[in-house]
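Q: just need the structure, nothing else, for what follows:
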Amino acid sequence: MENPIHYSRFSAEECWLRRQSIRDRNLSAGQAHRPKSIVRTARCLSSRSPRLLRREKRQEISEEPTLASKTEAAALAKEKLTREAPSAGTCPIKAEPSGARLRTKSSATPGKTRAKPVLPLPLVAHTQIDDFEANVSPFLACRPVGIGQRMCQSCALSFSTKDWRFNSIPAQNEFDARSKRRLSYPRARTVMATRRSFLTQVGRAGGFGATYLVMQSLGLLPVPPSEANVPRLASPAGGSRTVVILGAGIAGLVSAWELSKAGYRCVVLEARGRAGGRNWTIRHGTRVEMTDGTVQTCSFDESNYFNAGPARLPSQHRTMLGYCREFGVPLEVEVNTSRSALLQSDRLNGGRPVEQRQLVNDTRGHVAELLAKAICRDALDQELSSEDKERMLAFLRIYGDLSPDYFYKGSERAGFRLAPGAGERDGVVRNPIDMHVLLDARLWEGLLYEEQFAWQATMFQPIGGMDQIPAAFEKRVGHLIRFHCQIEQIRKTSTGVSVRYNNRKTGALETADADYCICALPFTVLKKIDADFSPEVKQIIDSVAYDAAYKIAWESPRFWEKEYSIYGGISFLDRPVNLVWYPSARLFSEKGVIIAGYNIENGSILESMDLAAKLDASRQSVEALHPGHSRDLQTPICVCWGRIPHSLGSWIHISGDSAMYPGYERIIQPDGPIFFSGDHTSHLVGWQEGAALSAHRAVSLIGQAQHTDRQARNA
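A: Presented below is the predicted three-dimensional model:
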């Protein structure tokens, strides 16, 4: 059953505007101004004379059919009003009356009804849609005073949101300064309508966009996935609930933003002097200090930068993309794969690099040839019907670019030894690499890396650096963040939680007390803090380990673009420094920042290398891919996340084929008033999306805890 929604026939403001228009017209015609009733005022808006109006009324009454009851009359009036409503795209506030609405009254003679025409005023929808008020209210005469308020400013309309029924209140008397008279307007009439007619009126007023938003608000259309993950919290009673958030990384920033929107009072304690955590973009002048005492200062050109932490936003990560859309963070495509990028192994092609397009398509060709031969010889374990054989062989010819006799003899897909040109110059296809050589090269990880779900195209990056995202959060919750605050102690109390920290700006020990705590610190840092966690939680925190990823970046002229036609993507090598990542930002510019080395160093030969040895290994990998260009590399920066203060690791370590680390199911549950957050409390370890989703979950758990506490107090 559809919910009834009332429509007000007119507002006090509208009546006043109409009356002013009539008075000005009468004064310009030299007539004395005499206020009339609302109905007479509306009739006089017509340019036709009163005598002509009366004649048309008599003609219309004579043409109306005899109505048997008030119900039929009302139905006919509603149908006529809908038929004569303003056309789509016009504003009903400014629309002129376009027809007559019937008012029926029973006469003394049974079965007969005397119809009295009344010139209609445009329908005006009164509703409260907090989330979409700004989009809909410009098209409606009823303008709420503000979000969450219950009184209409223009027509003194009050309503109850409990059952969506609206009650009209007579507009207050207004004083006409020119005529020195007090104007009194009658009570506004209301018309009952269904949701369908309400949405029809919204569509006529505001078009498709307004209707779409209203239908989402009413639950008639699904919310886009990029917005559906945002938690919906009830405002705390009296606005007195407080939350202390430990860490201003992505999880902490998202928590602060969502809680502050819901009315919670928050404070964020951050040990660094910046927001973002591992979301760190290094630019000219940035100091990189590590726990082993190594200090580097970036000397890139002003326009270049290096994303030392996360550098990609997969298209599947709708929460982070949703925040970028919400905050207006401009994005560009991050080219994560390129067929022009290279693969290099000393066991392949004499150590010379090979384009990815050749290895990808030669591998597909050889596999397709083997399978086609097996089908032709009936060598498969499961027999195929003759029809399936034909269809499978047809597919393999296309998939592997096989010859008609099902042999792979090379393909244009793999590239050319001699590129096609003008005139008689035809292209010469490369000779295929032997399957045994491909197997011996052991480059499958680099060959198939783009098939991983999170790395599939399309990927994005913020224009100007990944730190544009925490900067956008900081604009909105920066007043809640206390920088340079080192956490010393965490204690549960009878009223919530108490956090003691060292304010390095003042050198004083300070305390933050709150009802709840969201701990978004990495466990490598948290295990060094004096905290009264439960024994089970403390044992999990002390036992987990973190991976230590490294990144090495160089500034260089863009030789990879000019000489190799590589625009973004990653080249892979069978060496200690096993990849070179080409920039997607500022293509075709003079210089760029190339990442020559990104991997996990724990357990590898790089773990025991000092900074100079790592830079030398990075330079050698660039030389193996691009002979002669290692000398173009300038101003290196190396970030080893295992030795970066306040992080002490890149992401939590998951061993073997395990889905998550031991104790994960317990750590995602609150420990009293303390709620854990961060990518380590999600199944998207190492991704900003995981941190954001974990923050949403922690915020939702706080809302549930508050609801439980309220029920306990009321019991």
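Q: I'd guessed Phe559 sits against Ser630; true?
A: No: the pair Phe559 / Ser630 is not scored as a contact, 10.4 Å apart, by C-beta atoms under 8 Å. Placement of C-beta: from N, CA and C, glycine included.
Q: so between those two, which is more surrounded?
A: Ser630 (19 against 16; other C-beta atoms under 10 Å).
Q: next one: that one relative to Arg558, how far apart?
A: 15 Å (C-beta to C-beta, to the nearest Å).
Q: hang on, Leu526 packs against Ile541?
A: Yes: between Leu526 and Ile541 there is a contact at 5.7 Å, judged by C-beta under 8 Å.
Q: residues in contact with the residue lying closest to Ser604 once chain neighbours are set aside?
A: Spatially, and ignoring its direct neighbours in sequence, Ser604 is nearest to Pro576 (6.9 Å; C-beta to C-beta, 6 or more residues apart in numbering). By C-beta atoms under 8 Å, 6 or more residues apart in numbering, the contact set of Pro576 is 604-606, 617.
Q: buried ones only from these, please, as a ChimeraX command.
A: Restricted to buried positions by 16 or more other C-beta atoms under 10 Å, the ChimeraX selection for those reads:
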select :606,617
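Q: the contacts of Pro576 in strands, which ones?
A: In strands, judged by DSSP state E, none of the contacts of Pro576 are found.
Q: of the contacts of Pro576, closest to Leu693?
A: Taking C-beta to C-beta as the measure, Ser604 is the one of the contacts of Pro576 closest to Leu693, at 30.5 Å.
Q: what pLDDT is listed against that closest one?
A: Looking at Ser604, its pLDDT reads 89.
Q: distance check, it against Thr524.
A: From Ser604 to Thr524 the distance is 19 Å (C-beta to C-beta).
Q: check Ile600 too.
A: Taking C-beta to C-beta, one finds Ile600 at 15 Å from Thr524.
Q: and for Gly427?
A: Counting by C-beta to C-beta, the gap from Gly427 to Thr524 is 55 Å.
Q: who has more neighbours, these two?
A: Using other C-beta under 10 Å, the more surrounded residue of Gly427 and Thr524 is Thr524, with 19 against 13.
Q: ok, Val295 - how many residues close by?
A: What Val295 shows, counting by other C-beta under 10 Å, is a neighbour count of 8.
Q: wait, I meant Ser655
A: Counted by other C-beta under 10 Å, the residues lying close to Ser655 total 8.
Q: OK, contacts around the nearest residue to Arg442 once chain neighbours are set aside?
A: The spatially closest residue to Arg442, leaving aside those adjacent along the chain, is Asp574, at 6.4 Å (C-beta to C-beta, 6+ apart). Contact partners of Asp574, counting by C-beta under 8 Å, 6+ apart, are 344-347, 441-443.
Q: how about Arg357?
A: Taking C-beta under 8 Å, 6+ apart as the test, what Arg357 contacts is 339-340, 413-415.
Q: most neighbours, which of those residues?
A: Neighbour max across those (other C-beta under 10 Å) = Ala414, 24 neighbours.
Q: state the distance from it to Gly351.
A: Where Gly351 is concerned, Ala414 sits at a distance of 20 Å (C-beta to C-beta).
Q: Asn336 now?
A: 26 Å.
Q: who has more neighbours, these two?
A: Asn336 (23 against 11).
Q: check contacts around the more buried one.
A: 312, 450, 455, 457, 459, 568-570.
Q: and Gly365, by the same measure?
A: So Gly365 contacts 400-402, 408, 410-411, 414, 432 (C-beta under 8 Å, 6+ apart).
Q: run the last query once more with 7 Å
A: Gly365 sits next to 400-402, 408, 411, 432 when contact means C-beta atoms under 7 Å, 6 or more residues apart in numbering.
Q: and for Ala374?
A: Ala374 neighbours (C-beta under 7 Å, 6+ apart): Leu380.
Q: sec struct for it, please.
A: What DSSP: H, G, I helix; E, B strand; the rest coil gives for Ala374 is helix.
Q: in the stretch 201-350 of the chain, which spans are strands?
A: Per DSSP state E, counting those that start in this stretch, the stretch 201-350 of the chain carries strands over the ranges 242-246, 265-269, 281-282, 287-289, 295-297, 306-307, 313-314, 331-334, 342-344.
Q: any chance of the ones you listed in a markdown table, plus distance to Ser386 and mean pLDDT?
A: As requested, the strands of the stretch 201-350 of the chain are exported to a markdown table (distance: least, C-beta to C-beta, whole Å; pLDDT from 0 to 100):
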| stretch | distance to Ser386 | mean pLDDT |
| --- | --- | --- |
| strand 242-246 | 67 | 97 |
| strand 265-269 | 69 | 97 |
| strand 281-282 | 61 | 98 |
| strand 287-289 | 66 | 97 |
| strand 295-297 | 68 | 97 |
| strand 306-307 | 56 | 98 |
| strand 313-314 | 43 | 96 |
| strand 331-334 | 46 | 97 |
| strand 342-344 | 40 | 95 |
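Q: out of these, flag the one nearest Arg586.
A: From the strands of the stretch 201-350 of the chain, taking C-beta to C-beta, the stretch that ends up closest is strand 331-334, at 9.7 Å.
Q: packing partners of the closest one?
A: Counting contacts by 3 or more C-beta pairs under 7 Å, 6 or more residues apart in numbering; DSSP states H and E, strand 331-334 is packed against strand 459-462.
Q: tell me which strands the strand it packs on pairs with, and in which orientation.
A: With DSSP bridges as the test, strand 459-462 is paired with strand 313-314 (antiparallel), strand 331-334 (antiparallel).
Q: point out the most buried one among those strands.
A: strand 313-314 (a mean of 23; mean count of other C-beta atoms under 10 Å).
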